[in-house]
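Enquirer: Sequence and predicted structure, then a few things I'm wondering about:
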Amino acid sequence: MSIKIFLWMLFFYMVYCGVIFLMQRQIMFPRHLIGIPPRCEDLPFMEKIWIKTTFGKTEAWFFPPGTKNNQIPAPAVIFAHGNGELIDFWPNELKRFNRLGIGVFLVEYPGYGRSEGTPSEKTIRETFINAYKVLTERKDVDSAKIILFGRSLGGGAVCLLAAERPTAGLVLMSTFTDTRSFAKRYFAPGFLVRDPFDNLAVIRRYSKPVLVIHGKFDGVVPYSHGAALHKSARHAELITYACGHVDCPPDWEVFWRDIASFLKVSGILES
């Protein structure tokens, strides 16, 4: 009788793991739950760019730098947002980069917002590599001063790019070490994860400065992930804020002072 019970339990567990395997991308990329804001044309100085890929076009927005440093060509940051967001959500928060004399390139994920395709590690890698090419070919951008900035899932996106193309620095906010480490939350083995986003492996090989920002009370991506990324990087700084996941950073003024300091120490901005 005990063997029958064990076999039935094993059967149901295997069915459960099969469902998790099939549904994991809906969990990781909840794009259908995100409403698309109606406005996308009325932002001042915005350049809308469509990134061509093998699976269609993905949307990107570029905001040229301000005139603070009068530096042409100027540094630029490629930003990747969290899995429950769109590029539409970020222009107002990130315009401070423009004031620092840095261009901002917001790159959308495949299948998100108005972009074609389906999100996965493979399609996101292709999108960001192609976006990098578009950005570095601009005459107003200094290709030697490209900064990557990823928040939450966006940290995985920019790490994919950092492993493939030269960049001047990397900022990871509320970012995980890899997605396989979350499989235990669902009582599933890590090898079932289709999009591992192994950020830790990338960070270990990355030779440029890294800034890791993480909330001490993050309940989505535990603080231990940020600490592990910091410890594994060759040249890294860890900034800890008293916040969780969605409310990070708790003070944007403090955040921008920390960002400016990192960029100056790294030689991307003049002191």
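Expert: Great, that's in hand. Numbers count the residues shown, from 1 in each chain.

Enquirer: can you list the weak-confidence ranges in the stretch 51-200 of the chain?
Expert: In the predicted model of the stretch 51-200 of the chain, residues 67-71 satisfy pLDDT under 70.

Enquirer: need the helices for it, in chain order.
Expert: Counting by DSSP state H, counting those that start in this stretch, one finds helices in the stretch 51-200 of the chain at the ranges 91-99, 121-136, 153-162, 199-205.

Enquirer: which one of those helices is the most hemmed in?
Expert: Ranked by mean neighbour count under mean count of other Cβ atoms under 10 Å, the helices of the stretch 51-200 of the chain are led by helix 153-162, which reaches a mean of 27. Placement of C-beta: from N, CA and C, glycine included.

Enquirer: Pull out the C-alpha coordinates of it and format them as CSV.
Expert: Output of helix 153-162 as CSV, limited to C-alpha atoms (Å, rounded to 0.1, in the frame of the first residue of the first chain):
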residue,chain,number,x,y,z
LEU,A,153,14.6,41.1,-14.2
GLY,A,154,16.3,44.0,-16.1
GLY,A,155,19.5,43.0,-14.3
GLY,A,156,19.4,39.7,-16.1
ALA,A,157,18.8,41.5,-19.4
VAL,A,158,21.8,43.8,-19.1
CYS,A,159,24.0,41.0,-17.8
LEU,A,160,23.3,39.1,-21.0
LEU,A,161,24.5,42.2,-22.9
ALA,A,162,27.5,42.7,-20.6
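
Enquirer: which strand of the chain spans the most residues?
Expert: The longest strand of the chain (DSSP state E) is strand 141-151.

Enquirer: In it, which of the residues would be classed as buried?
Expert: Residues of strand 141-151 classed as buried by neighbour count (16 or more other Cβ atoms under 10 Å): 141-143, 145-151.
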